[in-house]
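A.B. asks: My questions concern the predicted model and sequence given below.
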Amino acid sequence: MGRKSVIPYALYRAEGYVSAALANKSTGLSEEDVELLWSAIINMFENDHSAARGKMCMRKLYVFKHENILGNCPSHILFGKIKVEEKSDAIPRAFDDYEICVDRDMPAGVELVEKI
C-alpha cells in the first residue's frame, strides 16, 4: 500500500518572532492576540491529525519577553540558550530520548516564559 517513507521518530525545532514595534505601528496586535497565538501554536496539531504526519504534537514552547519594544538582547543569543541533545548514542525513538537544556540566566530586561 503506497511507497511512503517512514521516519520512526523526529523532533523538530522552530524559531519565530513577534515584532512589538511593527505591531504597535501598523497591526494593532494586543497582548490578548499574542496569547491567542501561543494557544494556537500549542494546539496546532490537535484538530488536524493525519496519517501522513503521524502523531505530531507540540512538546515545548519557550517565549522570550523583552521589556524594551525594540528588544533587550539579540535573538541569536537567546535562541542559543536552548539546546536539544540526544541522551545516548542509540537512535532516538521517543521524546524521552532527548534532553532539553535551558540556560535560564537571562540578560537584563528579558524574561523566559515556558508555556508548555
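C.D. replies: On my side now, so go ahead. Numbers count the residues shown, from 1 in each chain.
A.B. asks: Going by contacts, tell me the helices and strands next to the longest helix anywhere in the chain.
C.D. replies: Scanning the chain for the helix with the most residues, using DSSP state H, yields helix 31-42. Here helix 31-42 touches no other helix or strand, going by 3 or more Cβ pairs under 8 Å, 6 or more residues apart in numbering; DSSP states H and E. (C-beta placed from N, C-alpha, C; glycine too.)
A.B. asks: all helices of this structure, in order?
C.D. replies: Under DSSP H, the chain gives helices at 20-22, 31-42, 75-79.
A.B. asks: With mean neighbour count, distance to Arg93 and mean pLDDT added, can I get those in JSON lines?
C.D. replies: Shown next, in JSON lines, are these (neighbours: other Cβ atoms under 10 Å; distance: least, Cβ to Cβ, whole Å; pLDDT from 0 to 100):
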{"stretch": "helix 20-22", "mean neighbour count": "13", "distance to Arg93": "40", "mean pLDDT": "84"}
{"stretch": "helix 31-42", "mean neighbour count": "12", "distance to Arg93": "24", "mean pLDDT": "90"}
{"stretch": "helix 75-79", "mean neighbour count": "13", "distance to Arg93": "26", "mean pLDDT": "94"}
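A.B. asks: Quick one: low-confidence residue ranges for this structure.
C.D. replies: 1-2, 51-53 (pLDDT under 70).
A.B. asks: on that earlier part again, now distance to Asp48 too, for the helices of the chain, in JSON lines please.
C.D. replies: As requested, these are exported to JSON lines (distance: least, Cβ to Cβ, whole Å):
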{"stretch": "helix 20-22", "distance to Asp48": "28"}
{"stretch": "helix 31-42", "distance to Asp48": "12"}
{"stretch": "helix 75-79", "distance to Asp48": "26"}
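A.B. asks: Those helices: which one's closest to Ala94?
C.D. replies: helix 31-42 (20.0 Å; Cβ to Cβ).
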